[in-house]
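> attaching a predicted model along with its sequence, questions to come.
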Amino acid sequence: MAKPKYGYGWALKWVLAAILIAVGIFMVLSEDIVYIITGMTIVIFSVFRVYPLLKSLNREFLRTINLIEILISLVLGGIMIYAGFTQKDANGALNPPWDGLYRWFLVFFLYVRGLVFFISTTFFNEKTEVPKFIFHIVALTLGAVFAVLEGFEAKTIGWIFLFIAIGGAVYLGFDGYGGYRKYRDYQKTINQSKEKAKDPKVEKELPKHIEDEVKQPETYIS
């Protein structure tokens, strides 16, 4: 089956970009959304890693510690989602003690992820890439910062999610722009084809014997 020359994925990407920015702004303004989105992010990150990760690891110990980490992450993410929906006051803030537990849940998740990664690469010689290494250094750093940061609140994470949302929206916007240009090029091509079909340029030539008579000068006999 031939691949179509056009698509409408660019429209979906622009809609998703707008939703990302709207959700990012809303997260800065509403703390309960931060708890829910954080929990959902952790759950999705954990669930979609299970099968590919466990299948690709070649040591039983690594499979075990990664599975334990995933299960812990699922529990933490589930508790955050539950607290975000049920344990909030009229202003959208978590009730005690959930407001304090949110910080430590997040710190624990970041530390466990970094710990498992560096155990795998240091003691079991698991190969990795530079971006992945930098990501886990950032995860451990953020965990330490969140643990000691005075006045830490969910709005802090809301700002981080806002910057991530803006970055994702910019990426989707430019990617959608490229797709839209291809779509318009396709539309231009089919419209030009239709114009040629409706108004063909046909050059009519005179028959050769008539053309020769026209070119020959007239002869007069006096």
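Structure's in. What do you need?

> leaving out sequence neighbours, find the closest residue to residue 80.
Computed as CB to CB, 6 or more residues apart in numbering, the closest residue to residue 80 that is not its neighbour in sequence is residue 39, at 3.1 Å. Yep, even glycine has a C-beta here, placed from its N, CA and C like the rest.

> so which residue is smack in the middle of this protein?
residue 168 (5.7 Å; CA atoms, centre = their mean).

> OK, contacts around that residue?
17, 20 (CB atoms under 8 Å, 6 or more residues apart in numbering).

> need phi/psi at it.
When read as degrees, to the nearest 10, the backbone of residue 168 gives phi -70, psi -40.

> and the pLDDT for it?
The model reports residue 168 with a pLDDT of 90.

> any idea how far residue 22 is from it?
12 Å (CB to CB, to the nearest Å).

> could you do residue 124 as well?
With distances taken as CB to CB, residue 124 is found 43 Å from residue 22.

> for this protein, what are the low-confidence residue spans?
Applying pLDDT under 70 to the chain picks out residues 1-6, 91-93, 193-222.

> mind doing that once more with 80?
For the chain, the stretches with pLDDT under 80 are 1-8, 29-32, 87-100, 151, 153-155, 192-222.

> in it, which spans are strands?
In the chain, no strands are defined using DSSP state E.

> show me where it has helices.
9-29, 31-47, 50-56, 60-86, 98-123, 130-148, 154-198, 208-215 (DSSP state H).

> which one of the ones you listed is the most hemmed in?
The highest average neighbour count among these, using mean count of other CB atoms under 10 Å, belongs to helix 31-47 at a mean of 20.

> quick one: contacts of it?
With CB under 8 Å, 6+ apart, helix 31-47 has contacts from 23, 26-27, 70, 73-74, 76-85, 88, 92-94, 102, 106, 109, 153-155, 157-158, 161.

> distance of the residue nearest to residue 80 relative to residue 75?
Residue 39 is 10 Å from residue 75, by CB to CB.

> same check, this time on residue 31
22 Å.

> please apply the same query to residue 24.
For residue 24, the distance to residue 75 - CB to CB - is 27 Å.

> my guess is residue 118 contacts residue 133. True?
No - if you go by CB atoms under 8 Å, residue 118 and residue 133 don't touch, sitting 9.2 Å apart.

> got a list of what residue 176 touches?
With contacts defined as CB under 8 Å, 6+ apart, residue 176 is in contact with 9, 10, 11, 12, 13, 14, 17.

> try it again with 7 Å
10, 13, 14 (CB atoms under 7 Å, 6 or more residues apart in numbering).

> over to residue 85?
Counted by CB under 7 Å, 6+ apart, residue 85 has contacts residue 36.

> how far does stretch 86-104 sit from its chain's centre?
Centroid separation for stretch 86-104 versus its chain: 29 Å, with CA atoms, centre = their mean, to the nearest Å.

> name the surrounding residues that touch that stretch.
So stretch 86-104 is contacted by 30, 31, 32, 35, 80, 83, 146, 152, 154 (CB under 7 Å, 6+ apart).

> again, 8 Å this time
Contacts of stretch 86-104 (CB under 8 Å, 6+ apart): 30-33, 35, 38, 80, 83-84, 146-147, 152-154.

> ok, back up a step: redo the contacts of residue 176 as a markdown table? Include distance to residue 139.
Conversion of the contacts of residue 176 to a markdown table gives the following (distance: CB to CB, whole Å):
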| residue | distance to residue 139 |
| --- | --- |
| 10 | 33 |
| 13 | 28 |
| 14 | 31 |
